[in-house]
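**Q** next input, structure requested:
(one chain, ligands or ions: 1)
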Amino acid sequence: MLVNTDYLVIGAGASGLAFTDALVAEADVEVTVIDRQRAPGGHWLHAYPFVRLHTPSAYYGVSSLKLGQDRIDQVGENAGYYERATGDEIRAHFAEAALRLIHTGRVRLLTRHEHLGRGSDGERVRDLSTGKLHEITVRRKVVDARYLEGSIPATHAVPFDVAAGARVVPVNDLPVAAQAASSYAVLGSGKTAADACMWLLDNGVEPDRIRWIRPRDAWFYDRRHFQPLEQVGAIMEGISLDAEAAAQAANVDDLFEQLEASGRLVRIDPSWPATMYRGTMLSARELDALRQIADVVRLGRVRRIEADHVILERGETKTGPDMLHVDCTALGLNDAPATPIFQPGRIVLQQVRYLSPCFNAALVGFVEAHRDDDADKNRLCPPHPYPSSIKDWPRTMSCTWIAAGRWLSEPDLSAWVSDSRLNLLRALPDHAAEPSVQTAVTRYLTHVTTAIERLGQLNGSNTPRA
Ligand SMILES: Cc1cc2nc3c(=O)[nH]c(=O)nc-3n(C[C@H](O)[C@H](O)[C@H](O)COP(=O)(O)OP(=O)(O)OC[C@H]3O[C@@H](n4cnc5c(N)ncnc54)[C@H](O)[C@@H]3O)c2cc1C
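**A** Okay, here's the model as predicted:
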């Protein structure tokens with residue numbers, strides 16, 4: 001097989017497809033997207049059966065194709081908020097997005113193809129169906145859309161030992177395995193663990209039959225602050241609370257106290273220090289439900305699960321044959337270090353605006369299409385790693401605000417940002433006259449400059465200049 005292409009995109013997950021979608025909308029180029037999996041969709045192909053987006057569908061996926069109908073949920077823990085796609089809906093979205101891209105005649109998708117690195121005559125790719133090696137000649141750039149590839153329970157190497165007789169399943173198997181257990185130990189601190197606990201509670205398991213083994217306690221956003229379109233004022237309010245807290249913070253602990261006091265961030269147990277911050281979110285109803293689980297084990301990470309006890313970093317706890325251990329310990333977001341997004345002959349997709357992987361990939365596609373100089377492109381798209389702990393919040397927010405400030409002075413880019421379906425603030429101009437929106441915008445503008453300076457001090461360094 002002989003392939004020549006302008007761009008070779010490695011990875012047909014959300015990032016690779018959102019980038020390609022934006023690039024071919026803006027530039028007359030040929031793109032080849034490869035992925036070692038059998039279909040587009042990235043990690044969503046292996047997601048647990050009850051997974052949903054934690055953000056609304058309204059600003060997820062590729063820009064040119066809507067995901068969902070922007071309905072407001074009427075029942076359940078998301079009632080009153082915009083719909084969040086299921087795994088099936090997300091996979092269908094990416095499958096259709098890929099088909100539409102192929103139908104442009106300018107995009108080629110090679111599934112079951114793995115990128116092996118640079119060869120003597122081009123990029124080396126193995127066809128996993130036949131085992132054959134090919135070299136792809138790339139006229140413009142190789143796009144690394146797998147740099148932040150996530151690690152998920154269905155595919156990660158379990159990071160602890162399991163003795164014979166211990167009952168351990170990945171979260172994907174919970175719905176099937178749950179029936180044969182009388183109690184459950186959920187392992188992990190993040191969104192997946194919270195989802196597993198919620199699934200058990202929603203399926204009638206009493207809270208006292210659930211144990212939650214949490215190596216760290218986490219901060220979660222209140223989902224109220226991530227509602228777009230008709231409720232966009234709440235997003236602006238959340239951002240303004242961030243800016244106000246950041247401008248006034250004496251230190252990182254004080255910052256999180258302020259964010260909690262304002263209702264911006266929540267933790268499941270307010271009496272226990274939370275050190276994890278990964279940018280995930282819960283609704284107030286989910287929070288109330290999860291707070292019913294009283295059996296919380298805080299002895300660090302699990303080392304080994306025996307038939308009758310669990311060995312952790314800082315101690316042991318009893319278990320038994322009727323207890324099902326549910327593995328939710330995969331890292332999820334990959335916290336690889338930041339590297340310039342635009343490099344000679346190469347683009348490495350990363351986070352620019354926090355919590356917006358699809359928007360970020362599309363933004364990079366737009367900038368690639370409309371700017372020539374790599375230094376200028378990198379100025380508009382300064383990358384930063386996904387956050388993991390509360391110490392990462394200053395960097396995450398200041399990088400986001402600095403980048404957003406730079407877009408404002410570029411008319412074509414700010415027009416694109418305003419119109420993009422993936423921009424969570426897209427509807428803000430339509431609501432600018434609402435008093436609550438005006439209050440939030442004023443609060444943000446009052447504090448953001450001081451906030452960036454203060455966060456630079458808290459971060460120590462590594463913050464780009466505003
Ligand atoms: C459970 C879960 C829920 C989430 N919910 C949300 C949400 O609600 N909102 C939100 O904004 N974000 C959410 N995220 C964040 C999520 O990571 C991103 O939304 C996005 O799906 C990541 O896509 P990606 O393309 O960067 O990575 P991936 O989905 O990991 O895709 C990377 C692709 O690269 C391919 N690949 C890797 N190496 C090679 C190679 N050498 N050759 C060929 N192909 C290769 C892989 O096969 C894979 O398909 C969630 C994440 C998880 C884990």
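
**Q** and the residue of the stretch 151-300 of the chain found nearest the ligand, how many neighbours?
**A** Shortest the stretch 151-300 of the chain-to-the ligand distance, computed as CB to the nearest ligand atom: residue-wise this is Ile152, at 5.3 Å. Placement of C-beta: from N, CA and C, glycine included. Counted with other CB atoms under 10 Å, the neighbours of Ile152 add up to 23.

**Q** same check on the one 4 residues further on?
**A** His156 is surrounded by 15 other residues when neighbours are defined as other CB under 10 Å.

**Q** next one: Ala98
**A** By the criterion of other CB under 10 Å, Ala98 has 24 neighbours.

**Q** try Thr317
**A** Neighbour count of Thr317, defined by other CB under 10 Å: 15.

**Q** you'd agree Pro382 is up against Gln350?
**A** No. Between Pro382 and Gln350 there is no contact under CB atoms under 8 Å: 9.5 Å.

**Q** more crowded one of those two?
**A** For the pair Pro382 and Gln350, the greater number of neighbours falls to Gln350 (25 against 20), based on other CB under 10 Å.

**Q** what are the contacting residues of the lengthiest strand in the chain?
**A** The longest strand of the chain (DSSP state E) is strand 133-144. With contact meaning CB atoms under 8 Å, 6 or more residues apart in numbering, strand 133-144 is reached by 1-11, 16, 19, 29, 32, 116, 119-127, 345-349, 368.

**Q** of the residues you listed, buried ones?
**A** Neighbour counting with 16 or more other CB atoms under 10 Å marks 3, 5-11, 16, 19, 29, 32, 122-126, 346-349, 368 as buried within those.

**Q** could you give the number of residues near the nearest residue to Asn423 once chain neighbours are set aside?
**A** Computed as CB to CB, 6 or more residues apart in numbering, the closest residue to Asn423 that is not its neighbour in sequence is Val417, at 5.5 Å. Neighbour count of Val417, defined by other CB under 10 Å: 21.

**Q** what does Asp269 give?
**A** 15.

**Q** contact partners for the residue nearest to it when sequence neighbours are not counted?
**A** Leaving out its chain neighbours, the residue that sits closest to Asp269 by CB to CB, 6+ apart is Asp217, at 6.3 Å. Shown in contact with Asp217 (CB under 8 Å, 6+ apart): Ser189, Arg267, Ile268, Asp269, Trp272, Pro273, Ala274, Thr275, Met276, Arg298.

**Q** again, only using 10 Å
**A** Going by CB atoms under 10 Å, 6 or more residues apart in numbering, Asp217 touches Ser189, Arg267, Ile268, Asp269, Pro270, Trp272, Pro273, Ala274, Thr275, Met276, Val296, Arg298.

**Q** might one say that the third one is in contact with Arg298?
**A** Same thing as Ile268. No. With contact defined as CB atoms under 10 Å, Ile268 does not reach Arg298; the gap is 11.7 Å.

**Q** who touches both of those two?
**A** Both Ile268 and Arg298 are contacted by Ser189, Trp212, Arg214, Asp217, under the criterion CB under 10 Å, 6+ apart.

**Q** which two in those residues are spaced the farthest apart?
**A** For these, the farthest-apart pair by CB to CB is Trp212 and Asp217; their separation is 10.2 Å.

**Q** joint contacts of these two?
**A** With CB under 10 Å, 6+ apart, Trp212 and Asp217 have common neighbours Ser189, Ile268, Val296, Arg298.
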